[in-house]
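1. Test case, fold it:
(one chain, ligands or ions: 1)
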Amino acid sequence: MSHESHRTEPPVDPAEFWEDRYRSTRGEHGQVWSGRVNEAVQREVSGLRPGTALELGCGEGGDALWLAEQGWSVTAIDISSTALAVGAAEAERAGLSERIRWIQADLATWRPSAEFDLVTTAFLHSPVELPREEVLRRAAMAVAPGGRLLVVGHGAVPPGSKLSHHEQNGPPLPTPGKVLASLHLAADWVTETNALVERPAVWRDGSAVTLVDAVLRVRRGPGPDA
Ligand SMILES: C[S@@+](CC[C@H](N)C(=O)[O-])C[C@H]1O[C@@H](n2cnc3c(N)ncnc32)[C@H](O)[C@@H]1O
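-> Here you go, the predicted structure:
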């Protein structure tokens with residue numbers, strides 16, 4: 001198919017796309033994703049002292065619920081109210097509702113209005129329009145002095161992912177180094193993790209695969225009063 005023919009396709013509304021995904025593509029356990037914390041998030045956050053956390057693109061809340069269990073006070077944002085409802089129901093069941101605020105918002109227009117000890121986002125990729133670099137730059141603006149930004153993404157396209165189609169037509173998946181460069185951070189930020197990490201996994205069809213996570217963790221300087 002030519003590039004011209006792609007350009008004439010009508011744009012898909014991201015909110016409609018993700019609502020439809022969360023309403024129609026649930027697995028046997030009633031969710032799209034596993035409900036478990038992402039391995040890279042668990043690894044990167046386990047050693048940190050809990051405080052306030054902001055999660056962008058939280059989906060059904062696997063990471064937000066785990067963060068709350070660890071003692072973080074979480075604000076979790078996603079464009080899909082269906083996904084958020086799944087997370088909120090699980091929080092209620094687990095007695096974590098007090099610790100998680102679920103917010104439906106489009107990150108394309110979202111602006112941070114507070115600062116957090118941890119701002120985290122995992123697999124904020126989309127086969128439809130998503131200004132990821134801008135969102136991540138705004139994410140960095142929401143980090144409190146001394147706090148951290150954690151960006152976990154796909155380092156390679158997972159097998160069978162809808163992203164493969166997107167990748168053929170759009171820019172390649174950024175390495176953590178590219179993500180770091182695109183953030184344009186001030187000199188007092190420190191890079192704590194900048195790594196492509198292989199992760200054995202069982203894919204949806206039951207096959208064994210090796211996925212690659214692109215992991216970036218940066219810490220903002222303590223500020224002039226420290
Ligand atoms: C690949 S999923 C990852 C979900 C979750 N972080 C996880 O690891 O399971 C990407 C998520 O980003 C959300 N998303 C995509 N575009 C968005 C936007 N413009 N504003 C807010 N959320 C968005 C989707 O609804 C979806 O939940």
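2. Around the ligand, which positions in this structure sit nearby?
-> With the criterion set to CB under 6 Å from any ligand atom, the chain comes near the ligand through 14, 18, 33, 38, 57-59, 62, 78-80, 83, 106-108, 122-126, 130. Using the backbone N, CA and C atoms, a C-beta is placed for each residue, glycine as well.
3. In helices, which of these appear?
-> When the residues of the chain next to the ligand are checked against helices using DSSP state H, the ones located there are 14, 18, 62, 83.
4. so can I have a markdown table of these showing pLDDT?
-> What follows is these, written out as a markdown table (pLDDT from 0 to 100):
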| residue | pLDDT |
| --- | --- |
| 14 | 95 |
| 18 | 94 |
| 62 | 97 |
| 83 | 96 |
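5. next one: stretch 128-138 to chain centre, how far?
-> In terms of CA atoms, centre = their mean, to the nearest Å, the gap separating the centre of stretch 128-138 from the centre of its chain is 11 Å.
6. meant to ask about stretch 110-130, not that
-> Mean C-alpha position of stretch 110-130 versus that of the full chain (CA atoms, centre = their mean) differs by 6 Å.
7. tell me the average confidence for that stretch?
-> For stretch 110-130, the mean per-residue pLDDT is 95.
8. tell me the phi and psi of residue 209?
-> When quoted as degrees, to the nearest 10, the phi and psi of residue 209 stand at phi -130, psi 160.
9. lowest-confidence helix or strand of the protein?
-> Taking mean pLDDT, DSSP states H and E as the measure, the helices and strands of the chain show their lowest mean at helix 3-7, namely a mean of 47.
10. host element of residue 223?
-> Secondary structure assigned from DSSP states H and E places residue 223 in neither a helix nor a strand.
11. my bad, residue 218
-> With secondary structure defined by DSSP H and E, residue 218 is part of strand 208-219.
12. Tell me which residues of that strand come out buried.
-> Using 16 or more other CB atoms under 10 Å as the test for burial, strand 208-219 gives 211, 212, 213, 214, 215, 216, 217, 218, 219.
13. ditto for stretch 142-162
-> Neighbour count says stretch 142-162 has 142-144, 147-158, 161 buried, by 16+ other CB under 10 Å.
14. and what of stretch 121-135?
-> Judged by neighbour count using 16+ other CB under 10 Å, the buried positions of stretch 121-135 are 121, 122, 123, 124, 125, 126, 127, 130, 132, 135.
15. Now do the end-to-end distance for it.
-> Across stretch 121-135, the terminal residues are separated by 10 Å (CA to CA, to the nearest Å).
16. hang on, isn't residue 108 packed against residue 126?
-> No: contact between residue 108 and residue 126 fails when scored by CB atoms under 8 Å: they sit 10.2 Å apart.
17. Touching both of the two, which residues are there?
-> In the contact map built from CB atoms under 8 Å, 6 or more residues apart in numbering, the residues linked to both residue 108 and residue 126 are residue 14.
18. Filter the buried residues of stretch 121-135 down to just the ones in strands.
-> 121, 122 (DSSP state E).
19. Residue ranges in the protein under the pLDDT threshold?
-> Screening the chain residue by residue with the criterion pLDDT under 70, one finds the ranges 1-9, 26-31, 33, 160, 162-171, 224-226.
20. quick one, strands of it?
-> When assigned using DSSP E, the strands of the chain occupy the ranges 52-56, 73-78, 100-104, 116-122, 143-154, 190-202, 208-219.
21. would you list the ones you listed in CSV and tack on distance to residue 173?
-> Output for those, formatted as CSV (distance: least, CB to CB, whole Å):
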stretch, distance to residue 173
strand 52-56, 18
strand 73-78, 21
strand 100-104, 27
strand 116-122, 14
strand 143-154, 6
strand 190-202, 10
strand 208-219, 7
